[in-house]
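Participant: Here is a sequence with its predicted model. Questions after.
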Amino acid sequence: MTNDRAGPLALIAGAVLSILVFAFHPSHVVEQPLIGPFTLSQLVHGAALLGVPLLAYGLWHLGEWLGLNQAAARMAVVLSMLAAAATVNAAVISNFVTPAAAKVSAGQGAAPHAARLRHGARSVTMPPLAAVAVATNRGFAQVHVAFLSLALLMFGLAIWKRQPLLGWAGVSVGLLPILWQLSGTFSPSTHTMPLIIFPQSLWMIVAGVVMLRSPSD
């Protein structure tokens, strides 16, 4: 596979994984295995971790394709890498730290506390360790949304002259989540995150297709 195709395909694959992650993301701790020894939560967050390097590579390639001599493209790549780091932290906390914290709090497995770990629950109703883990996860999710939204906004500005419609869409899917965060009404959950992730992932899929169809230099 050539370099010109590897980047766009990685971007498309990572974006598709992002959609699947939030389409099947559980809203509470799941203890029952779904496939072999793996629970739904482990499969979802494992897919999220797998998608991180794909998206990082794809977005880095997008920056190269646009031209890293552009300040907007360079900043977009930097912000993308920071968003990737936040995603890794959020997935690790959800997959390993939160269940472990619930087990410690319960003293005998996480099941007795599963209902308290719903995204809609107030953190004060959770055991202290679980509450800290959930709050930390949501903090990294906020950082991910901010950095990736800013990155897509920058990519939209960088691509505007080459692809005006795609540029306008990039600015839109980047700016609207930032305004939502600044309003103080956004809280990461299984209900709110898809409203951001799905449009942004669709934009990245389209960007990948545009790169694939563009003539090689």
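Facilitator: Yes, it's here.
Participant: Could you report the separation of the residue nearest in space to the middle of the chain from residue 144?
Facilitator: Closest residue to the average C-alpha location of the chain: residue 87 at 5.7 Å, with C-alpha atoms, centre = their mean. Between residue 87 and residue 144 the computed distance is 5 Å (C-beta to C-beta, to the nearest Å). Yep, even glycine has a C-beta here, placed from its N, CA and C like the rest.
Participant: How about the contacts made by the residue nearest to the centre of the chain?
Facilitator: Residues in contact with residue 87 (C-beta atoms under 8 Å, 6 or more residues apart in numbering) are 48, 52, 140, 144.
Participant: Wasn't residue 47 part of a helix?
Facilitator: Yes: the assignment for residue 47, made by DSSP: H, G, I helix; E, B strand; the rest coil, places it in a helix.
Participant: Surely it is in contact with residue 20?
Facilitator: Yes: using C-beta atoms under 8 Å, residue 47 is in contact with residue 20, at 6.4 Å.
Participant: Which parts of the chain are helices?
Facilitator: Per DSSP state H, the chain carries helices over the ranges 3-24, 40-66, 71-92, 98-106, 128-159, 164-182, 193-213.
Participant: Leaving aside the residues adjacent along the chain, what's closest to residue 42?
Facilitator: Setting aside the residues directly before and after it, residue 42 is nearest to residue 95 in space (C-beta to C-beta, 6 or more residues apart in numbering), at 6.0 Å.
Participant: Run a quick neighbour tally on that neighbour.
Facilitator: For residue 95, the count of nearby residues is 20 (other C-beta atoms under 10 Å).
Participant: do the same with residue 51
Facilitator: 25.
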